[in-house]
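In: No sequence on hand, only this structure:
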DNA sequence: TTGTACGCGTTATCAC
DNA sequence: GTGATAACGCGTACAA
């Protein structure tokens, strides 16, 4: 009826159902068995009064917020938002929620974001931090707040760190080109300060060697993950080695720049030059030609991280994969030689 | 030193600073002036003990969570995430945080999402809901929780609803094509059940008429916002009117499908046919040719919504723009005839 | 300007 | 299986 006369509390429910507040709490939380008759009486009162538990009071009593903190570089990025959505699906299903903060791949930002989420009293943290040092991360993990590390391998973090096999991904991309008959394959890396860049480069190199193709520094250019960087690097590569027949870009954004540079140079794709990207971001399929790339299972990794976080909370051990393997997505930007 | 022996509370600080708990509270919240000497003594104690206020207790006492709820169709969408980031920047600057939930453009989902955020006790709600009826929205807004409506105009919502002038956007796109000499201009709409679709169509029509070009149903096809839909609709359009020289797609995703269909039909873009999209999502610039489109000021609108929400909380009136105007972003997909 | 004492709504502990 | 009651940590009248 009239729910305007102040807030309905558990005490009101208890009075109406003629039981103690404790019993109401038990019915609602299902912690301890309650006689069926009492139970339904309580539920009836709850419905009639339209009672909603006060999350603040509950949190104060349990010292749990029901929130999981998530940190990624940039939540607007199509790349990270997929990971976040993986976390969310699991967390949501557990009746909890997520709080997202941006780290901007900057140590100070990341530190601040962590502090921020802590002050909000999140129950656990899922971190994708790129700038923070291993030591800082480990120190955080030593605290009492459960922390799960995503897309980053730190040996000392044990089973609390999930990672992607970037080396394997680099191999996948390169092997795909080799299998299509390519022998002169350029590679654009992200900044080599990123472990991901180095691992992908390593995979590229391994695949070449395994196929009996000599590795050459001349074919590798360090770039910056960005479209413009890919554009310029591709131009340099074309000047250095006009005989190149394929380019493996370290991410899709650089690949977009590569496509543009090739078009401007009058090289048709994939007829004259093939291109492979990395990430499989949303726009990869919209590029022209649609981009063959290496997909990272970000959604799955986010979900696994969430499961680990929840398990750390309820104490139940859970089996999740800790090393994720990328997958080749074949589209139109590669052609058989 | 040792911060492992239990939690530091405001009582510990008060004892150490030789003041009452109230005084500590005052210093921390700056509600009431405190003598400078006392103040610095308190701050010193806070620092020494590394005291962090308990957000739960604070919320229980103030009945404020510091959280602003945000609902969008899909938070992974590059489109909506921009709006969310607009909200976040303002909310964050105010020392608060956001909670995001997905509405999936489905009334039941939207209702559930709202209920969910309410149970988390958010202090205000920023809503981008497409399926929920006007009545349901108005009923919600009649409650005690401040609600700001985004990208949706409901007259009865008064100054709590922000909207984009889609009609103007449709005019912009069409006028741009007209100015470039085009006369036979097709238009692909989203589902006409969406007010946005109808408004953009209306703008298209107005621009034609204003330029003395007859409007023809034959040139308009209702589609579904999706790439595949745009692809098929473009094919139909080409069959109906092979003499068409330009297509205005109701959003960028359909425009991507249009580009593909045109390529397959052997019509070069923009030499034979020009294309304009709507939204300016992230991938618009990566399409080939890069897409001329109509940008929606989503970031700004999100920020304005956040400011309104905060103003509703602290009672201070604030001036914000309530009607937003889209803007033409000229790229490579349109050519002068 | 500062201190005292109570209330916020729930869960947990202990008794019955 | 159920009830009484003491925390939980902070804000805030009210008093001094």
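Out: Yep, that arrived. What you see is a predicted model; the values in this text were computed from it and never measured. Numbering: from 1, shown residues only, chains lettered A, B, ... in the order given.
In: Stretch A:139-152: end-to-end distance?
Out: Counting by CA to CA, to the nearest Å, you get 16 Å between the two ends of stretch A:139-152.
In: In it, which residues are buried?
Out: Residues of stretch A:139-152 classed as buried by neighbour count (16 or more other CB atoms under 10 Å in any protein chain shown): A:140, A:141, A:145, A:146, A:147, A:148, A:149, A:150, A:151, A:152. (Glycine included, C-beta is placed from N, CA and C.)
In: now swap in stretch A:150-160 and tell me
Out: Buried residues in stretch A:150-160 (16+ other CB under 10 Å): A:150, A:151, A:152, A:153, A:157, A:160.
In: In CSV, list these along with secondary structure and pLDDT.
Out: Listed next are these as CSV, based on DSSP: H, G, I helix; E, B strand; the rest coil; pLDDT from 0 to 100:
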residue, secondary structure, pLDDT
A:150, coil, 96
A:151, coil, 92
A:152, coil, 92
A:153, coil, 92
A:157, helix, 94
A:160, helix, 95
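In: just checking, which of the buried residues of stretch A:139-152 belong to helices?
Out: A:140, A:141 (DSSP state H).
In: The stretch 1-150 of chain A against DNA strand D: which residues are in contact?
Out: Residues of the stretch 1-150 of chain A lying close to DNA strand D by CB under 7 Å from any atom of the strand are A:18-23, A:26, A:32-35, A:37-39, A:57, A:60-61.
In: and residue A:264, how many neighbours?
Out: 11 (other CB atoms under 10 Å in any protein chain shown).
In: can you list the weak-confidence ranges in chain A?
Out: A:1-6 (pLDDT under 70).
In: tell me which element the most centrally placed residue in chain A falls in.
Out: Chain A has residue A:83 as the residue nearest its centroid, 3.1 Å off, counting by CA atoms, centre = their mean. Assigning secondary structure by DSSP states H and E places residue A:83 in helix A:78-93.
In: Same check on residue A:311?
Out: Using DSSP H and E, residue A:311 falls in helix A:298-314.
In: Do that helix and chain B come into contact?
Out: No - for helix A:298-314, no contact with chain B is found by CB under 8 Å from any CB of the partner chain; the gap never falls below 9.2 Å.
In: could you pull out the strands for the stretch 151-300 of chain A?
Out: A:163-164, A:185-189, A:220-222, A:246-249, A:274-276, A:293-295 (DSSP state E, counting those that start in this stretch).
In: give the contact list for residue A:274.
Out: A:177, A:180, A:182, A:245, A:246, A:247, A:292, A:333, A:334, A:335 (CB atoms under 8 Å, 6 or more residues apart in numbering or on different chains).
In: Go again with 7 Å.
Out: Residues in contact with residue A:274 (CB atoms under 7 Å, 6 or more residues apart in numbering or on different chains) are A:177, A:180, A:182, A:245, A:246, A:333, A:334, A:335.
In: Would you confirm that the fifth one contacts residue A:185?
Out: Yes - at 4.6 Å, residue A:246 counts as touching residue A:185 under the criterion of CB atoms under 7 Å.
In: shared neighbours, the two?
Out: residue A:177.
In: where does chain A come near chain B, residue by residue?
Out: A:52, A:55-57, A:59-60, A:75-76, A:78, A:81-82, A:85, A:97, A:99, A:119-121, A:256, A:282-283, A:286-288 (CB under 7 Å from any CB of the partner chain).
In: Distance of the residue nearest to residue A:73 when sequence neighbours are not counted relative to residue B:252?
Out: Nearest residue to residue A:73 in three dimensions, chain neighbours excluded: residue A:105, at 4.9 Å (CB to CB, 6 or more residues apart in numbering or on different chains). Using CB to CB, to the nearest Å, residue A:105 is found at 27 Å from residue B:252.
In: quick one, which of the two is more surrounded?
Out: Set residue A:105 next to residue B:252 and count neighbours by other CB under 10 Å: residue B:252 wins out with 27 against 17.
In: Spatially nearest residue to that one, not counting backbone neighbours?
Out: Counting by CB to CB, 6+ apart, residue B:277 is the residue found nearest to residue B:252 once chain neighbours are left out, at 4.0 Å.
In: same thing with residue A:289?
Out: Take residue A:289 and drop its neighbours on the chain: the residue closest to it by CB to CB, 6+ apart is residue A:332, 3.7 Å away.
In: Next, the contact list for that neighbour, please.
Out: A:270, A:289, A:290 are the contacts of residue A:332 under CB under 7 Å, 6+ apart.
In: Tell me the residues of chain A that contact DNA strand C?
Out: Counting by CB under 7 Å from any atom of the strand, chain A sits next to DNA strand C at A:7, A:9-11, A:21-22, A:24-25, A:28-29, A:31, A:51-54, A:56-58, A:60-62.
In: rewinding a little: drop anything exposed from the residues of the stretch 1-150 of chain A next to DNA strand D.
Out: A:19, A:23, A:26, A:34, A:38, A:39, A:60.
In: From the residues you listed, pick the one nearest residue A:241.
Out: Checking those against residue A:241 with CB to CB, the nearest one is residue A:60 at 66.1 Å.
In: Please, which helix or strand holds the closest one?
Out: Per DSSP H and E: helix A:55-62 holds residue A:60.
In: Taking the stretch 101-250 of chain A, what residue is nearest to DNA strand C?
Out: Distance from DNA strand C to each residue of the stretch 101-250 of chain A (CB to the nearest atom of the strand) is smallest for residue A:123, at 13.5 Å.
In: That residue contacts residue A:313, doesn't it?
Out: Yes - in this structure, residue A:123 is within contact of residue A:313 by CB under 7 Å, at 5.7 Å.
In: ok, these two, which is more surrounded?
Out: Using other CB under 10 Å, the more surrounded residue of residue A:123 and residue A:313 is residue A:123, with 21 against 15.
In: residues contacting that one?
Out: Here residue A:123 is in contact with A:64, A:65, A:66, A:67, A:68, A:313 (criterion: CB under 7 Å, 6+ apart).
In: quick one: the third one and residue A:247, what's the gap?
Out: What it means is residue A:66. Taking CB to CB, one finds residue A:66 at 47 Å from residue A:247.
In: Likewise for the second one?
Out: Between residue A:65 and residue A:247 the distance is 48 Å, computed by CB to CB.
In: Specify which residue of the two has the higher count of neighbours.
Out: Between residue A:65 and residue A:247, counted using other CB under 10 Å, the more crowded position is residue A:247 (32 against 24).
In: How about the more buried one: what's its closest non-neighbour residue?
Out: Spatial nearest neighbour of residue A:247, chain neighbours left out: residue A:186 (4.5 Å); criterion: CB to CB, 6+ apart.
In: so that neighbour touches residue A:250, yeah?
Out: No - here residue A:186 lies out of contact with residue A:250, judged by CB under 7 Å, at a distance of 11.2 Å.
In: picking up where we left off before, in its sheet, which strands sit next to whichever helix or strand comes after the helix holding residue A:311, and in what direction?
Out: As assigned by DSSP H and E, the chain's next helix or strand after helix A:298-314 is strand A:323-324. Paired strands of strand A:323-324, with direction, are strand A:163-164 (parallel) (DSSP bridges).
In: can you give me the offset of the strand it pairs with from its chain's centre?
Out: 10 Å (CA atoms, centre = their mean, to the nearest Å).
In: Need the contact partners of that strand.
Out: Contacts of strand A:163-164 with the rest of the structure, by CB under 7 Å, 6+ apart, involve A:151, A:152, A:153, A:296, A:301, A:323, A:324, A:326.
In: Can you say which two of these are spatially most distant?
Out: Largest pairwise distance in the contacts of strand A:163-164, by CB to CB, is 15.4 Å, between A:152 and A:326.
In: Out of the contacts of residue A:332, who's the most crowded?
Out: In terms of neighbours by other CB under 10 Å, the contacts of residue A:332 top out with residue A:270 at 21 neighbours.
In: which residues touch that residue?
Out: So residue A:270 contacts A:289, A:332, A:333, A:334, A:335 (CB under 7 Å, 6+ apart).
In: Nice, that's everything, thank you.
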